[in-house]
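Q: mind looking at a prediction? Sequence and model below.
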Amino acid sequence: MHIVVIGGAGYIGSHVTRCLLDADHSVTVFDNLSSGLRENLFPEAEFVHGDISHPLELREVLAGSSATGDRPADAVIHLAAAKAAGESMRNPEKYSTANLTGTINVLNAMSAVGVGRLVFSSSAAVYGEPTYLPLDEVHPTSPINYYGFTKLEIERILGWYERLRSIRFAALRYFNAAGYDPDGRIGGLEQNPANLLPIIMEVAVGARSELEIFGDDYGTPDGTCVRDYVHVTDLAEGHRAALEWIDEHDESLTVNLGSGEGVSVAEMVDMSRSVTGRTIPSRVAGRRPGDPAELVATAERARRILGWTAAHSSAQELVATSWRAYQSAYGSARES
């Protein structure tokens, strides 16, 4: 298939692109480089500098242009979104435009040129506060931040475009993406990260002075929050498998992509100290509003339908692959 990966120069998008190329698909990356990086592009994939806020650019890349060898797209993987939950509560206008309007532009372009397959980057944020664990796909959806609301609303819109325009989709509800390509082929680091592991790595290389741990008095074994971390390489494989499944079966699909294992903040810090050999100074700060004590997925549905497993998602491999990427980017990092 010829697949247009929107946001393919970003952290997750570059891993998805690499996975698709390894599976002998043809790929065009469509990215505005606002957070994506040119160093995350691959010579085997075409690159079109464009923005989902510009409908004409979307239609041109999906219909086929000189940049893509006049080959129209067979499918789209859409990973371009604003994704910081806290920021979404302060700046809903940004998230409405980037996530809601942007995705509607993608769907309208697909409808206009007749592209009928879409893999959408959704989020575990659609669930909100857990009423039971592990979270499965039939758990109630009640987002507690505007980011999660936009992802859930897009899933609902996808259902209507399936009904009215026969666009088959896979909505992939990510848990906490982490790690880097085990073969070291992707080195562009996340810009201004807000997630735990890249912040730990920045402390380890001396780019930050210390790590803030938001609460150590939760009802968990060590008092810190427990989260489900899934290796970005496993996520990428999930995109490939989901796309091929919806293409083969001509049906839509919604699945969790998570490891099914909980790792606490303290456990991740301890693993990072062990793997890096760095002290990684930390201090306990107050709880953040809306942080549940524990969020863990079951990905049984993805295993059963797609044959997908989180093969690279142990805490040790998450940290080790991240550390190699940060060491490569920062060179000889000083002790922090």
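A: On my side now, so go ahead.

Q: tally of neighbours for residue 33?
A: 15 (other C-beta atoms under 10 Å). For glycine as for every other residue, the C-beta is placed from the backbone atoms N, C-alpha and C.

Q: quick one: it and residue 49, what's the gap?
A: Between residue 33 and residue 49 the distance, using C-beta to C-beta, to the nearest Å, works out to 7 Å.

Q: how about the helices in the stretch 1-150 of the chain?
A: 11-22, 55-63, 85-90, 92-95, 102-113, 146-165 (DSSP state H, counting those that start in this stretch).

Q: same thing with the stretch 151-300 of the chain?
A: 196-204, 232-249, 265-276, 300-306.

Q: tell me what the third one is packed against?
A: Applying 3 or more C-beta pairs under 8 Å, 6 or more residues apart in numbering; DSSP states H and E, one finds that helix 265-276 contacts helix 196-204, strand 211-214, helix 315-330.

Q: outside of stretch 50-60, which residues touch it?
A: 6, 30-32, 48, 61, 80, 97-98, 101-103, 105-106, 108-109, 112-113 (C-beta atoms under 8 Å, 6 or more residues apart in numbering).

Q: nearest to residue 21, out of the helices and strands packed on helix 265-276?
A: Of all the helices and strands packed on helix 265-276, helix 315-330 sits nearest to residue 21, with 18.9 Å by C-beta to C-beta.

Q: now the closest one: buried residues?
A: Using 16 or more other C-beta atoms under 10 Å as the test for burial, helix 315-330 gives 315, 317-326, 329-330.

Q: can you name the residues that contact residue 145?
A: 85, 86, 88, 89, 125, 290.

Q: what about the last one, how many residues nearby?
A: For residue 290, the count of nearby residues is 12 (other C-beta under 10 Å).

Q: which of the helices of the stretch 151-300 of the chain is buried the deepest?
A: helix 196-204 (a mean of 23; mean count of other C-beta atoms under 10 Å).

Q: I'd like the contacts of residue 145 as TSV, with pLDDT appended.
A: Shown next, in TSV, are the contacts of residue 145 (pLDDT from 0 to 100):
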residue	pLDDT
85	87
86	85
88	92
89	93
125	94
290	74
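
Q: list the helices and strands the helix or strand of the chain at the bottom of the mean pLDDT ranking packs on?
A: Across the helices and strands of the chain, mean pLDDT, DSSP states H and E gives its lowest value to helix 85-90, namely a mean of 90. On a contact count with 3+ C-beta pairs under 8 Å, 6+ apart, helix 85-90 meets helix 92-95, helix 146-165.

Q: got the buried residues for the longest one?
A: Within helix 146-165, the residues that qualify as buried are 146-155, 157-158, 161-162, counting by 16+ other C-beta under 10 Å.

Q: and it with helix 102-113, angle?
A: Put simply, helix 146-165 runs at 20 degrees to helix 102-113, going by axes from the mean of the first three to the mean of the last three C-alpha atoms, to 10 degrees.

Q: burial of the nearest residue to residue 31 once chain neighbours are set aside, as a residue count?
A: Closest residue in space to residue 31, ignoring its immediate chain neighbours: residue 9 at 4.1 Å, by C-beta to C-beta, 6 or more residues apart in numbering. Other residues near residue 9 come to 28 when the count uses other C-beta under 10 Å.

Q: test my guess that residue 9 contacts residue 42.
A: No - here residue 9 does not reach residue 42: they are 9.8 Å apart, not a contact under C-beta atoms under 8 Å.

Q: what sits against residue 99?
A: Residue 99 neighbours (C-beta under 8 Å, 6+ apart): 81, 82, 147, 150, 151, 154.
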